[in-house]
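[1] Next come a sequence and a model predicted from it.
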Amino acid sequence: MTKKNKFKDDYNDFISSKEVAPRNISHSIIDRVKADLNPSKQLVFIKLLSLQLFTGLITMFFCPQFKMSLTNNHELFHYFHHNFGEHICMMICGAIFLGSGAIVASYILDLEELRVIKNSKGLYTLAISGLSLVVFLIFGAKLYLDLTLLWVLGASLAATVMLAFNYFLRRRFLQLA
Amino acid sequence: MILAGNAQKMNDEQLMIKYQDGDHQAFEVLYLRHESKVYAYLRKRLPDQDQVEEVFQNTFLKVHKSRHHFNPKFLFIQWLYTVARSELLDFCKKKKVVHIEYIDQGEAKEEIDSDLDLDNYKNLSDKEKELLSLKFISDNDYEEISNALNISQSNARKIFSRAIKKIKGTLSGEGND
């Protein structure tokens, strides 16, 4: 029997074999998969919030507002401000703040956790942008309604788009690998 | 287990797409469709029940972990076979277990039928001769053989496999001493 025929016969034997597995093993496998496919929403939110806290802090080093910059070089901020105006600059600011956290989260969290965030239809990112504003207030930022709304819009939109895009990329990559 | 009616009508590849999207019911349907094939396949190849259960669980957990690697353009059943076979080989290599290779029983039967005098095969033990005659002359199944010889079914399969190998060796001239 050639190796190829042996393999083919082995496969044919596989598809024609039938013997039911013990019920306790079946239940244990199905329950484990079910739990894995449905991660806790609260836990996912806490993980996303923690990652956002970390990356958000790093972006603060480039922001002139909270005097946290290490380089004191605010050319990027001034470039946005002068070229696009105050309103667009606020949206970009929010997009960088939450978008960067979303990119990091896209490659650290499990695909199932990302699916939970994706299925929330922007609720998680909206909640995190709201919480971020509260933290900014605590640190003495002055918030104006129109600019704040634009910041939230830019932040939520960028985070949602980045999460969806990188989720797609990761799945494609896994399928090709 | 209550399964969605729609999922039951889907083919394996459509179910895999749903499973990749986080639908645990799709996994349940796939599992119930194919668990008997995997279990029976492993039962024929591993002598110990605990080993069968371990490799069986590992196979489905591997399917779960690698679900995003599956490309729905290909057949799920072939992919499942590949996973089960590689898990079996990995397990045997790791635990130094000798697994029973597939033997085409039709082919083996043909060879034996053409020369039914088992006394010609001096390298066969009495137990092996007895088992072969129960299998091919009395046409008993493994359950009946195991009862007749007072051995386990997996042991009967092992003895059968060993005997066939010896006969093949003799017929091909390797066993002539």
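    Looks like it came in fine.

[2] residue boundaries of the helices in chain A?
    Taking DSSP state H as the criterion, chain A carries its helices at A:3-16, A:23-37, A:41-60, A:75-108, A:111-119, A:123-138, A:145-176.

[3] I'd like to know which of those helices is closest to B:Arg162.
    helix A:3-16 (17.3 Å; Cβ to Cβ). For the C-beta atoms, the positions are set from N, CA and C on the backbone; glycine is no exception.

[4] Quick one: mean pLDDT for that closest one?
    Average pLDDT, helix A:3-16: 79.

[5] Let me know how buried B:Glu87 is, in neighbour terms.
    Using other Cβ atoms under 10 Å in any protein chain shown, B:Glu87 has 22 other residues around it.

[6] just to revisit the earlier point, please identify which of the helices of chain A is closest to B:Pro47.
    helix A:3-16 (17.1 Å).

[7] Determine the set of other helices and strands touching that closest one.
    helix B:24-45, helix B:76-95 (3 or more Cβ pairs under 8 Å, 6 or more residues apart in numbering or on different chains; DSSP states H and E).

[8] Name the stretch among the ones you listed that sits most buried.
    Comparing these by mean neighbour count (mean count of other Cβ atoms under 10 Å in any protein chain shown), helix B:24-45 ranks first with a mean of 21.

[9] Could you list every helix and strand in contact with that one?
    Using 3+ Cβ pairs under 8 Å, 6+ apart as the test, helix B:24-45 ends up in contact with helix A:3-16, helix A:23-37, helix B:5-9, helix B:12-20, helix B:49-65, helix B:76-95.

[10] Roughly how far does the residue nearest to B:Leu132 when sequence neighbours are not counted sit from B:Gln51?
    Distance criterion Cβ to Cβ, 6 or more residues apart in numbering or on different chains; nearest residue to B:Leu132, sequence neighbours excluded, is B:Ala163 at 5.5 Å. According to Cβ to Cβ, to the nearest Å, B:Ala163 stands 22 Å off from B:Gln51.

[11] The two: which is more packed in?
    Ranked by neighbour count (other Cβ under 10 Å), B:Ala163 and B:Gln51 place B:Ala163 first, with 24 against 20.

[12] looking at it, the more buried one is touching B:Leu124, isn't it?
    Yes. B:Ala163 is within contact range of B:Leu124, at 5.8 Å (criterion: Cβ atoms under 8 Å).

[13] and for those two, which residues touch both?
    Jointly contacting B:Ala163 and B:Leu124 under the rule Cβ atoms under 8 Å, 6 or more residues apart in numbering or on different chains are B:Leu132.

[14] Which residues belonging to the least confident helix or strand in chain A by mean pLDDT are considered buried?
    Among the helices and strands of chain A, helix A:3-16 carries the lowest confidence by mean pLDDT, DSSP states H and E, at a mean of 79. Across helix A:3-16, burial judged by 16 or more other Cβ atoms under 10 Å in any protein chain shown covers A:9-11, A:13-14.

[15] so who does the closest residue to B:Gln8 other than its chain neighbours touch?
    Of all residues not flanking B:Gln8 in the chain, B:Val29 sits nearest, at 6.1 Å (Cβ to Cβ, 6+ apart). Contacts for B:Val29 were tallied using Cβ under 8 Å, 6+ apart; they are B:3, B:7-8, B:10, B:15.

[16] Now do A:Met162: how many residues are near it, please.
    21.

[17] Around chain B, pick out the residues from chain A.
    Within chain A, the residues that sit near chain B (Cβ under 8 Å from any Cβ of the partner chain) are A:1, A:6, A:9-11, A:13-15, A:17-22, A:25-26, A:28-30, A:32-34, A:36-38, A:111-112, A:115, A:171, A:174-175, A:177.
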